[in-house]
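S.K.: sharing a model that was predicted from the sequence below.
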Amino acid sequence: MTSVDVAREAGVSQSAVSRAFTRGGRVSAATRHRVMETAERLGYLPNAIARSLATQRSGIVALIVGELHNPFYPQALSQFAQALAARGKSALLLTHDPERDIQDTLNSARAYQIEAAIVFPTRLNSAPPSLGDVSQGGIPVLLFNRHLPSDELLSVTCDNVAGGRLAATVLLRAGTRRPVFIGGDPETSTHQDRLAGFTARLAEAGLTPLAAPASAFRYDWGVQATLEMHAHGLEPDAIFGANDIIAIGALDALRQLGRRVPQEVSVIGFDDILESDWLAYRLTTIRQPLSAMIEDALRVLDDPQPSGGPRLHPGELVWRGSVGGNFSGNVRGDIRHAGGAPAPEAR
């Protein structure tokens, strides 16, 4: 069954059938209804592959991710897929082995006639990913929640340096004198930028972190790092996890150690994953503006231009119950009271 058969049965042109099946296609509601009704009766479905050959546009955007154990990325992938569907496009998910060159995974994605690629897992020591010069017909590649030193790369990310500073400010207002940073993958821009902002703000207050161990953006690493620090006699009064899942691991480890949160130890994370609002954690965190970042990324891919550096989006403090102290006074960044603790004063 073909679109010609549907057009003949519905009494419309073949182009009207095509427009009826195209999101945003210019066709009247009555015609669209007649086409869809006829197509269903005849058992017709449009052939996306044939359409891509005719239009030279597949409508497929590759999403390349390597950290599915980090709950932030499934959330981001779900929202990306929905945003792409709203634009009449499809998401192709490819997982990346961190031991391989990201370019190998990009080259594999090219075989699916993708229109663009959005890359999540990149390290600062990686070669710049590319699928050719866009001005010469290449496929645009955008880094999401990551950036590399080259200013020519398309990149959309949270302002992680400012977010690290905000986390330090929150803990300083809570009265910390012995803060610790538990980092993720030390070769990623997210780890390095959050650590840089955190330590710079602490230095302004005359403090340095007791420790800044780094390994991976994983729950088990948050548990391990916290237990090991205490085994070596380090008892911080505040912990900044480089992401929420690390901070949640730290919270569980502190519970095992018998240390009270936030009375003895304040804990703050980064991302605002769904689990951070669970009653067992009520984690204060820096929220990444995920929806705004995704919309910005897709706008950039619609008309890719030389970037001039990463496109930064400010994080937002989400106040819950894992940080103690008095928050009167001005704290940089937006503050949202998410319940579970007295609301800080926002000016």
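M.R.: Thanks, I have the structure now.

S.K.: only C-alpha atoms from now on, for both contacts and neighbour counts.
M.R.: Fine.

S.K.: got the residue ranges for the helices in the stretch 1-150 of the chain?
M.R.: When secondary structure is read from DSSP state H, counting those that start in this stretch, the stretch 1-150 of the chain shows helices at 3-10, 14-20, 29-42, 48-55, 72-86, 102-110.

S.K.: to Asp252, which of these lies closest?
M.R.: Evaluated over those, closeness to Asp252 peaks at helix 72-86, with 18.9 Å, by C-alpha to C-alpha.

S.K.: what helices and strands are in contact with that closest one?
M.R.: Helix 72-86 makes packing contacts with strand 90-95, helix 290-302 when contacts are defined by 3 or more C-alpha pairs under 8 Å, 6 or more residues apart in numbering; DSSP states H and E.

S.K.: what lines up beside the first one in the sheet?
M.R.: On the basis of DSSP bridges, the sheet neighbours of strand 90-95 come out as strand 60-65 (parallel).

S.K.: got the angle for the partner strand vs helix 72-86?
M.R.: The directions of strand 60-65 and helix 72-86 differ by 170 degrees, with axes from the mean of the first three to the mean of the last three C-alpha atoms, to 10 degrees as the criterion.

S.K.: now do strand 60-65: distance to the chain's middle.
M.R.: 13 Å (C-alpha atoms, centre = their mean, to the nearest Å).

S.K.: helix 102-110 and that strand, what's the angle between them?
M.R.: For the pair strand 60-65 and helix 102-110, the angle between their directions (the same axes, to 10 degrees) equals 150 degrees.

S.K.: wait, Ile294 sits on Ser78?
M.R.: No. In this structure, Ile294 is not within contact of Ser78 by C-alpha atoms under 8 Å, at 10.8 Å.

S.K.: tell me which of the helices of the stretch 1-150 of the chain sits nearest to Leu312.
M.R.: Sorting the helices of the stretch 1-150 of the chain by C-alpha to C-alpha, the top spot, which is the nearest, belongs to helix 72-86 at 16.6 Å.

S.K.: contacting residues around the closest one?
M.R.: Taking C-alpha atoms under 8 Å, 6 or more residues apart in numbering as the criterion, the residues outside helix 72-86 that touch it are 63, 65, 67-68, 90-91, 271, 273, 290-291, 294-295.

S.K.: sketch out the low-pLDDT regions of the stretch 1-150 of the chain for me.
M.R.: Within the stretch 1-150 of the chain, the ranges that satisfy pLDDT under 70 run 23-24, 47-57.

S.K.: could you rerun that using 50?
M.R.: 53-56 (pLDDT under 50).

S.K.: before we move on, back to that, can you add mean neighbour count and distance to Pro314 and give the helices of the stretch 1-150 of the chain back as a markdown table?
M.R.: Rendered in a markdown table, the data for the helices of the stretch 1-150 of the chain read as follows (neighbours: other C-alpha atoms under 10 Å; distance: least, C-alpha to C-alpha, whole Å):
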| stretch | mean neighbour count | distance to Pro314 |
| --- | --- | --- |
| helix 3-10 | 17 | 48 |
| helix 14-20 | 18 | 40 |
| helix 29-42 | 16 | 42 |
| helix 48-55 | 12 | 38 |
| helix 72-86 | 17 | 17 |
| helix 102-110 | 16 | 27 |
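
S.K.: next one: the nearest residue to Ala297 once chain neighbours are set aside from Pro314, what distance?
M.R.: In space, not counting the residues next to it along the chain, Ala297 is nearest to Val156; the distance is 6.1 Å by C-alpha to C-alpha, 6 or more residues apart in numbering. When C-alpha to C-alpha, to the nearest Å is applied, the distance between Val156 and Pro314 equals 11 Å.

S.K.: these two: which is more packed in?
M.R.: Neighbours were counted for Val156 and for Pro314 using other C-alpha atoms under 10 Å; Val156 has more, 25 against 19.
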